[in-house]
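> Return a 3D structure for these sequence lines:
(2 chains)
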Number of protein chains: 2
Amino acid sequence: MENVYYLDNAAATRLDEQVLEVMKPLYFDRYSVATSEFGYSLGVEAKEALDDARTRLAKALGANSQEFIFTSGSAESSNLALKGVAKALGAKKGKHLIVSKIEDFPVLYSARTLEKEGFTVDYLDVDGEGLVDLEKLQALIKPETILVSVQHGNQEIGTLQDINAIGKICHDQGVLFHTDATHTFMRVPLDVNAIAVDLITVSAHTLHGPKGIGGLYVKKGTALAKIMDGGFQEFDLRGGMDNIPGAVGFAKAAELVTADENIRLAAMRDHIITMVSEQIPDVILNGHPRQRTPQNANITFHYVEGESITLHLDMYGIAVSTGSACFSRSLEASHVIAAIGGDHERAHGSIRMTVGRFNTMEEVVFVVETLKKVVENLRKISPLGKE
Amino acid sequence: MENVYYLDNAAATRLDEQVLEVMKPLYFDRYSVATSEFGYSLGVEAKEALDDARTRLAKALGANSQEFIFTSGSAESSNLALKGVAKALGAKKGKHLIVSKIEDFPVLYSARTLEKEGFTVDYLDVDGEGLVDLEKLQALIKPETILVSVQHGNQEIGTLQDINAIGKICHDQGVLFHTDATHTFMRVPLDVNAIAVDLITVSAHTLHGPKGIGGLYVKKGTALAKIMDGGFQEFDLRGGMDNIPGAVGFAKAAELVTADENIRLAAMRDHIITMVSEQIPDVILNGHPRQRTPQNANITFHYVEGESITLHLDMYGIAVSTGSACFSRSLEASHVIAAIGGDHERAHGSIRMTVGRFNTMEEVVFVVETLKKVVENLRKISPLGKE
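From the prediction side, this is the model:
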């Protein structure tokens, strides 16, 4: 199909050519395995490339090199954060965790797995705009609470949490705090020296970097047990062959993001939100009107199915999403929309539009114009008419 | 450094240009997230690319498409095989596993982790050439045995196990059989219709494919629980963003391996083994003289440290390894050499040389000539003199 406009979460997954360029020498020339100072010089070079990528990514968070480990992606990072803390502290301190109701699946289902293994989990409510209730969080913390996991920015509705306040509440009570920053890393400022946070999930695939590589910030001294057994890689926190091309590509991808680019993304997002709100009747913006990731717009169109909009936009070469990427093969309603108080109809009529580096304002204008036509036509034939 | 000859395990990790070529369209054009038939058409195309790669890799093992799942690499595959079976059958059938003593670290340490969680594990002995004792295996199986894990080919000494016989013993007693085929997939015939096997670990990184992608064959009906929580990807056996470029690259990498290439690798291996054995005194071939992977030669040079050989070969631009890739940052003696009856000296004097597609016979001839010089010189100054 010619002229495809990706405005779904895939927009951020298009690899940047500059990222591939820095990966190539690691693929074709310096393809060694990272070895110690006892190995041959190419192994040392490989290790230096890996550690250099680590240092640069750690620095992007204000962290030290020893506080950043590579994983296979954000799913593994969040699994490690939750299960690794549970394994390290479950017997010593307690078996209670708190996660928000709108976490992405790796956090949410890791929590459910831990419940099956004897842990108890409280699922923290959010308000109508997706913000967690800080007073409730405070009230839920118990002496046996070992971890609070609240995401930085939401995967579907883009709401940014006040992780500064959340982290303070956790640390005041001696509880570890993990945040999933998959959708905010490099897009929204995040400095470990400014906020009280112990574990941060990040990923390359949301930043025009390669798939299959992610990272976890682990604050020095954090109790964390390994969940992927193998060799002694990643400060003995993750076994498995080092993915050095991936690591180097990830570091480059992070560095290619600029403040100007984030402003440009936010301008496209704002165009979508403003024009749709003004020009299409009976819509709701999902998520917070101001505290949201620069790349995300999520809108419910009443009286139509999101799936129908998706299919009709597709005929115009526009790719948007309903619900989360994880809903592949499922028509289940979004747990995020449900948590912000949306009913079945609101969940099913919601469309997420996400912009990335390779989108243009011209595309966004076309998308809004097309949306107007599509929604108008669908409403004419919709069985979900106004009552 | 100019003219580097990789003869260590990294030899197999150099990406093939043809692999990158098939990955590029998935990086730059069809970079969508795999969605269901309810999504937009690009998502469907992405899912088709993923499933096509899956089908081709499954077929390479004689399996059906539904029996092959993608993971982040062989470490994750083996973690999933052992821990996933333990989770699925631990409470139902029993808490006993059997693994060989010379397994690679993902299997070995997954077994140790399971021991800490209340499982019992028997570590199966091997003979002087690295072959497991089939009678002992038979004797160790108990009603509560849920899994036997014996690798196909060894990571250090290259010994090929008789997985046909091992599988039969397991299946005769109703026990699941997992084999780690990281170092044999596409190099040594392996057909799930010819052997009794339930789970097979494979990886792209040993076949000039990309790092960060691996696979697990899961025979239809095998009891296996998910260990990586997230979405419902990979038949709900592994959560996490699909790595479609990686999957497509993996399938291509597997297909680029030919029978002729494997004969060529075996010829280079045989040159190393024959010439070193004939021309350098006091050496031992580690592993089986005939039943071994085509790419692997592992030789102990008495009276010298393997680390010294490595460092001296490095000055000639030759990269070889001591021990396993997993030993990064460790001078610990190899558990494989120990298991085949080698003492400390034998383990520390052992050098693994592994050949790949991009090595030539000319290189191998140079390496053997250099080895002769280096070993002779080192022996002159060695404190480990003959007694």
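
> Break down the stretch 51-200 of chain A into its helices, ranges please.
A:74-89, A:105-116, A:134-140, A:163-172 (DSSP state H, counting those that start in this stretch).

> For the stretch 251-387 of chain A, which residues score under the pLDDT cut-off?
Applying pLDDT under 70 to the stretch 251-387 of chain A flags the ranges A:323-332, A:384-387.

> can you give me the strands in it?
Assigned by DSSP state E, counting those that start in this stretch, the stretch 251-387 of chain A shows strands spanning A:283-285, A:296-301, A:318-319, A:350-354.

> Likewise for the stretch 1-150 of chain A?
A:5-6, A:68-71, A:96-100, A:120-124, A:145-149.

> What residues are bridge-paired with the residue lying closest to A:Leu7 once chain neighbours are set aside?
Nearest non-adjacent residue to A:Leu7, counting by Cβ to Cβ, 6 or more residues apart in numbering or on different chains: A:Met353, 4.5 Å away. (C-beta placed from N, C-alpha, C; glycine too.) Beta bridges link A:Met353 to A:Ala297, judged by DSSP bridges.

> Count the residues that sit near A:Met353.
A count of nearby residues for A:Met353, using other Cβ atoms under 10 Å in any protein chain shown, gives 29.

> what's it in contact with, if anything?
A:7-8, A:269, A:272, A:296-299, A:320, A:367 (Cβ atoms under 8 Å, 6 or more residues apart in numbering or on different chains).

> From A:Leu216, how far out is it?
Distance of A:Met353 to A:Leu216, given as Cβ to Cβ, to the nearest Å: 29 Å.

> Same question for A:Asp8.
To A:Leu216, A:Asp8 is 26 Å away according to Cβ to Cβ.

> For the closest residue to A:Thr113 other than its chain neighbours, which three-state class applies?
Nearest non-adjacent residue to A:Thr113, counting by Cβ to Cβ, 6+ apart: B:Asp229, 5.5 Å away. For B:Asp229, the assignment made with DSSP: H, G, I helix; E, B strand; the rest coil gives coil.

> repeat for A:Thr206
Strictly by three-state DSSP, A:Thr206 counts as coil.

> Does it touch A:Asp180 like I think?
No - using Cβ atoms under 8 Å as the test, A:Thr206 is too far from A:Asp180 to be in contact (11.1 Å).

> Which neighbours do the two have in common?
Joint contacts of A:Thr206 and A:Asp180 (Cβ under 8 Å, 6+ apart) are A:Ser74.

> want to throw the strands of the stretch 251-387 of chain A into TSV with distance to B:Pro189?
Below are the strands of the stretch 251-387 of chain A laid out as TSV (distance: least, Cβ to Cβ, whole Å):
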stretch	distance to B:Pro189
strand A:283-285	59
strand A:296-301	50
strand A:318-319	43
strand A:350-354	46
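
> Determine which stretch of these is the most buried.
Among the strands of the stretch 251-387 of chain A, the stretch with the highest mean neighbour count (mean count of other Cβ atoms under 10 Å in any protein chain shown) is strand A:350-354, at a mean of 28.

> now it against strand A:296-301, angle please.
160 degrees (axes from the mean of the first three to the mean of the last three Cα atoms, to 10 degrees).

> Relative to A:Lys372, how far out is A:Gly287?
Distance, A:Gly287 to A:Lys372, by Cβ to Cβ: 21 Å.

> Next: A:Tyr217.
Distance, A:Tyr217 to A:Lys372, by Cβ to Cβ: 43 Å.

> now A:Pro294
24 Å.

> the more surrounded of those two?
Neighbour comparison, A:Pro294 and A:Lys372: the larger count goes to A:Pro294, with 21 against 14 (by other Cβ under 10 Å).

> which residues touch the more buried one?
Residues in contact with A:Pro294, defined by Cβ under 8 Å, 6+ apart, are A:187-188, A:262-263, A:265-266, A:269.

> how would you label the closest residue in space to A:His205 that isn't next to it in sequence: helix, strand or coil?
Excluding its sequence neighbours, the residue lying closest to A:His205 (Cβ to Cβ, 6+ apart) is A:Lys211, at 4.7 Å. Using three-state DSSP, the structure places A:Lys211 in coil.

> Burial check on A:Lys211, number of neighbours?
Residues within reach of A:Lys211, counting by other Cβ under 10 Å, total 27.

> How about A:Ala225?
Using other Cβ under 10 Å as the criterion, the residues surrounding A:Ala225 number 15.

> Would you double-check that it falls in a strand?
No - looking at A:Ala225 with three-state DSSP, it is coil, so not inside a strand.

> Am I right that it is in contact with A:Ala81?
No - using Cβ under 8 Å, A:Ala225 makes no contact with A:Ala81, being 11.1 Å away.

> how near is A:Glu305 to A:Glu156?
From A:Glu305 to A:Glu156 the distance is 17 Å (Cβ to Cβ).

> Show me which of those two is the more surrounded one.
Neighbours were counted for A:Glu305 and for A:Glu156 using other Cβ under 10 Å; A:Glu156 has more, 30 against 18.

> Not counting its neighbours along the chain, what's nearest the more buried one?
Ranked by Cβ to Cβ, 6+ apart and with sequence neighbours excluded, the top spatial neighbour of A:Glu156 is A:Val336, at 4.5 Å.

> now A:Gly84
Spatially, and ignoring its direct neighbours in sequence, A:Gly84 is nearest to A:Leu224 (4.3 Å; Cβ to Cβ, 6+ apart).

> Identify the spatial nearest neighbour of A:Val202, chain neighbours not counted.
Spatial nearest neighbour of A:Val202, excluding adjacent residues (Cβ to Cβ, 6+ apart): A:Phe185 at 4.2 Å.

> what sits against that neighbour?
Applying Cβ under 8 Å, 6+ apart, we find A:Phe185 in contact with A:60-61, A:200, A:202-203, A:206-207, A:254.
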